[in-house]
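Participant: following is a predicted model, sequence given first.
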Amino acid sequence: MISLVFSYSHVDEALRNELEKHLSPLKRMGKITTWHDRRIDPGLEFEHQIDHYFSEADIILLLISSDFIASDYCYQVEMANAMERHKRGEAVVIPVILRECAWHQLPFGSIMAATIDGKPITKFASHDEGYVQVVDAVSRAIASMEAKRPQQSAHIPSPVLGNPVTETVFNPRSNNLFLPKIFTDLDKDRARREGFEYVARYFENSLDELRKRHAGLDFDFQRPDADSFTCAVYINGSKVGQCGIWCGSRNMGFGDICYSQSGVTRNSCNESLSVADNGQTLGFRALMAFGYSNSRDSLLTNEGMAEHLWDMFFSPIKQRNR
């Protein structure tokens, strides 16, 4: 069975837990065992246990973020040792880019990342989409290893008289040890405000890039107030699409962020999203999402929400101008 370890910053522990859940099919098929430092039992020497499991691992997942790179232990010890084993052909190192950071020029930057083009997990419309790509990358690594080495039965060396055997038995433990986090109204209001501002910047920048790429295309982007914006696209002076996005009113039964193809209407919308949580992080859940991916069932990041609303806005324009 292939042994896999995680090298990560504890700041990214929630993301690591999500990834480990997605690796469950490989565990259930008997393909891998996984290990990380939270499995170290009380009373055992911390660095010795980490060194042991990293020196024996077949696959080492580097969970990359700015916190990982800033951590002396993650970068100078775990990553450096993992890269040496990778170069010697003793293990396979797979970088998993969790959050946007400057990683391409670092030692692992020459290794193909788990996601396509090294897209950070937090940049996917939902984290699940990114983790599926990571599982695919791990599956390919496993298949390559199995093809290269013959099946061998496990060999447990007999103790030599006078030489005590170091205990290296893996103690199974659930990863389901996290109690739900409690998010305050302040947390939710901040998430709502940050999400709306992200969507506004996303639309304005996308429209600007759209104009650069297509001759005869122009747009109008307006912020009537701090809680709303409108935009319209014109081709050769003719309007081909418009929308309005605003912070909704929960008291009126709307979500936290609303979208309408008729502009900012306040009393009706084509889509609305509400701040929600999965017990560990805050995100946005679409209330309608008819005909648009699986957004209604997913907890969307700020970028995922922006992409979802942009698709609703831009898809009719593309259809109209085919």
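Facilitator: Received it, and whenever you're ready, just let me know what you need. Residues are numbered from 1 along each chain as shown.

Participant: confidence score at residue 133?
Facilitator: Reported pLDDT at residue 133 in the predicted model: 95.

Participant: so it sits against residue 117, correct?
Facilitator: No - using C-beta atoms under 8 Å, residue 133 is not in contact with residue 117, being 10.3 Å away. In short, each C-beta sits where N, CA and C put it, glycine included.

Participant: next SSE downstream of the longest helix anywhere in the chain?
Facilitator: Using DSSP state H, we find that the single longest helix of the chain is helix 185-213. The helix or strand immediately downstream of helix 185-213 is strand 217-225, counting by DSSP states H and E.

Participant: now residue 303, nearest residue through space, not along the chain?
Facilitator: residue 123 (5.6 Å; C-beta to C-beta, 6 or more residues apart in numbering).

Participant: an error on my part: the question was meant for residue 19.
Facilitator: residue 131 (5.5 Å).

Participant: for the helix or strand harbouring the one you found, packing partners?
Facilitator: Mapping residue 131 onto the secondary structure by DSSP H and E places it in helix 127-148. Using 3 or more C-beta pairs under 8 Å, 6 or more residues apart in numbering; DSSP states H and E, the elements in contact with helix 127-148 are strand 2-7, helix 13-22, helix 24-28, strand 59-64, strand 92-97.

Participant: give me the buried positions along it.
Facilitator: 127-131, 133-135, 137-139, 141-142 (16 or more other C-beta atoms under 10 Å).

Participant: which residues does it contact?
Facilitator: Identification of contacts with helix 127-148 by C-beta atoms under 8 Å, 6 or more residues apart in numbering yields 2, 4, 15, 18-19, 22-23, 25-26, 31-32, 58-59, 61, 92, 94, 96, 114-116, 119-121, 123-124, 298-299, 301.

Participant: on that earlier part again, pick the most buried one from the helices and strands packed on helix 127-148.
Facilitator: Neighbour counts (mean count of other C-beta atoms under 10 Å) averaged over each of the helices and strands packed on helix 127-148 peak at strand 59-64, with a mean of 26.

Participant: which of the residues in the next helix or strand after that strand are buried?
Facilitator: Using DSSP H and E, the helix or strand that follows strand 59-64 in sequence is helix 66-70. Applying a neighbour-count criterion of 16+ other C-beta under 10 Å, the buried positions in helix 66-70 are 66, 67, 68.
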